[in-house]
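Participant: Below are the sequence and a predicted model; questions follow.
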Amino acid sequence: MTLTSKQRAYLKSLAADLDPVFQIGKSTVTPEIIDAIAETFNTHELVKIAVLKNCMDDVSNVAIMVSERTRSDLVQVIGRKFVLYKPFKDEPKIVLPKTKKAVN
């Protein structure tokens with residue numbers, strides 16, 4: 001799913017009050033971290049993750065990698081934190097603003 005700028009802005013406003021649920025450190029992105037983050041999406045649609053200073057990888061690259069491996073949308077990268085969004089399959093709790101359809 002591709003987020004529009006309006007939807008991304010809405011999710012950013014929701015994420016502003018969130019505390020990071022995970023911290024990625026020296027061992028960078030491991031299968032265990034990916035599994036734990038994927039498991040978190042069973043109870044949360046919006047997750048904030050912190051990348052510690054001892055992680056030698058670029059924060060943007062880590063965010064993209066985690067997003068791809070958890071099949072979630074990258075909402076934003078700010079400083080050493082990033083936010084991921086993955087709606088619940090059955091009943092999403094976060095209702096995104098509707099997009100306008102193109103008129104021919």
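Facilitator: Alright, I've got the coordinates. These numbers come from a predicted model, not from an experiment. Numbers count the residues shown, from 1 in each chain.
Participant: ok, and the closest non-adjacent residue to the residue nearest the centre of the chain?
Facilitator: The residue at the geometric middle of the chain, judged as the C-alpha nearest the mean C-alpha position with Cα atoms, centre = their mean, is residue 84 (0.6 Å). By the measure of Cβ to Cβ, 6 or more residues apart in numbering, the closest residue to residue 84 outside its immediate chain neighbours is residue 72, 4.3 Å from it. Heads up, the C-betas are built off the backbone N, CA and C, glycines and all.
Participant: shouldn't the one you found be in contact with residue 88?
Facilitator: No - with contacts counted by Cβ atoms under 8 Å, residue 72 stays clear of residue 88, the gap being 12.0 Å.
Participant: neighbour count winner among these two?
Facilitator: Legend: neighbour count by other Cβ atoms under 10 Å for residue 72 and residue 88, higher for residue 72 (21 against 13).
Participant: what's around residue 82, how many residues?
Facilitator: 25.
Participant: quick one on the thing from earlier: adjacent strands (with direction) for the strand or helix carrying the residue nearest to the centre of the chain?
Facilitator: For residue 84, the enclosing helix or strand under DSSP states H and E is strand 81-85. Paired neighbours of strand 81-85 in the sheet (DSSP bridges): strand 46-51 (antiparallel), strand 73-78 (antiparallel).
Participant: Output those strands in JSON lines, with mean pLDDT appended to each entry.
Facilitator: Putting the strands paired with strand 81-85 into JSON lines (pLDDT from 0 to 100) gives the following:
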{"stretch": "strand 46-51", "mean pLDDT": "96"}
{"stretch": "strand 73-78", "mean pLDDT": "95"}
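Participant: Comparing those strands, which comes out most buried?
Facilitator: The highest mean neighbour count among those belongs to strand 46-51 (a mean of 21), with neighbours defined as mean count of other Cβ atoms under 10 Å.
Participant: so how far is that strand from its chain's centroid?
Facilitator: 6 Å (Cα atoms, centre = their mean, to the nearest Å).
Participant: Would you tell me what the next helix or strand after it is?
Facilitator: Following strand 46-51 toward the C-terminus (DSSP H and E): helix 59-70.
Participant: Buried residues, that next one. List them.
Facilitator: 59, 62-63, 66-67, 70 (16 or more other Cβ atoms under 10 Å).
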